[in-house]
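Visitor: Can you look at this prediction? I've put the sequence above it.
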Amino acid sequence: MSIITNYLREKSVLYSTAIELVNACVKDLGARRKTVWDSFYYIRDSKNPIVFGAKQSVNISNGISEAELRQRHDIKFIIEKTAKELKREMYVMEADFIKRCNLRTQSGYRQIIDSQEFSKYRGKASGIIYWSHPESMAKMIDEGILTSTSWK
């Protein structure tokens, strides 16, 4: 058997389509695409054809870190990180803050976002909840422009 034929037979289980397999072979072996396709068709028409995706290849080096996992799924972490990025003297409506956190696809975020832990970032005026840096919130609450949402 040729190197290309061996490659196609051995690596076929790692791919789900012929195109993926041929592209990988061309890239890895530096072979001409036409030559690889010719070998592929030869094998396909033989008594022992190629089987795609028969086993799953797991490459654990392609995993994600704990921080990346938290950034995707830990609602409290996401809210806390976004809240810490809020700038002084800039006020964001809560709906925009939720969008910025990308929480609309998560369930259970309302209980966390309304918790006492984040009350220093929230203030309310005319029924609208705003989020900002804690120093800015404290200033506006002290001046009576915003009311505290610590009652939540």
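Guide: Nice, I can see it.
Visitor: list the contacts for residue 80?
Guide: Neighbouring residues of residue 80 by C-beta atoms under 8 Å, 6 or more residues apart in numbering: residue 118. C-beta here means a position set from N, CA and C on the backbone, and glycine is covered the same way.
Visitor: Now do the SS call for it.
Guide: The three-state label given to residue 80 by DSSP: H, G, I helix; E, B strand; the rest coil is helix.
Visitor: swap in residue 124?
Guide: strand.
Visitor: you'd agree it is up against residue 149?
Guide: Yes: using C-beta atoms under 8 Å, residue 124 is in contact with residue 149, at 5.3 Å.
Visitor: who's more crowded, those two?
Guide: Neighbours were tallied for residue 124 and for residue 149 using other C-beta atoms under 10 Å; the higher tally belongs to residue 149 (21 against 16).
Visitor: List the residues that contact the more buried one.
Guide: Here residue 149 is in contact with 119, 122, 123, 124, 129 (C-beta under 8 Å, 6+ apart).
Visitor: Show me what counts as buried in the lowest-mean-pLDDT helix or strand in the chain.
Guide: When each helix and strand of the chain is scored by mean pLDDT, DSSP states H and E, helix 66-73 comes last, with a mean of 83. By 16 or more other C-beta atoms under 10 Å, the buried positions in helix 66-73 come out as residue 70.
Visitor: ditto for stretch 144-152
Guide: 146, 149.
Visitor: same thing with stretch 39-46?
Guide: Of all the residues in stretch 39-46, those buried under the rule 16+ other C-beta under 10 Å are 39, 40, 43.
Visitor: out of these, who's nearest residue 77?
Guide: residue 40 (47.0 Å; C-beta to C-beta).
Visitor: Mind telling me what element that closest one is part of?
Guide: Residue 40 is part of helix 33-44, with elements assigned from DSSP states H and E.
Visitor: What is the neighbour count of the residue nearest to residue 51 when sequence neighbours are not counted?
Guide: Residue nearest to residue 51 in three dimensions, not counting chain neighbours: residue 12, with 6.1 Å by C-beta to C-beta, 6 or more residues apart in numbering. Residue neighbour count, defined by other C-beta under 10 Å, stands at 22 for residue 12.
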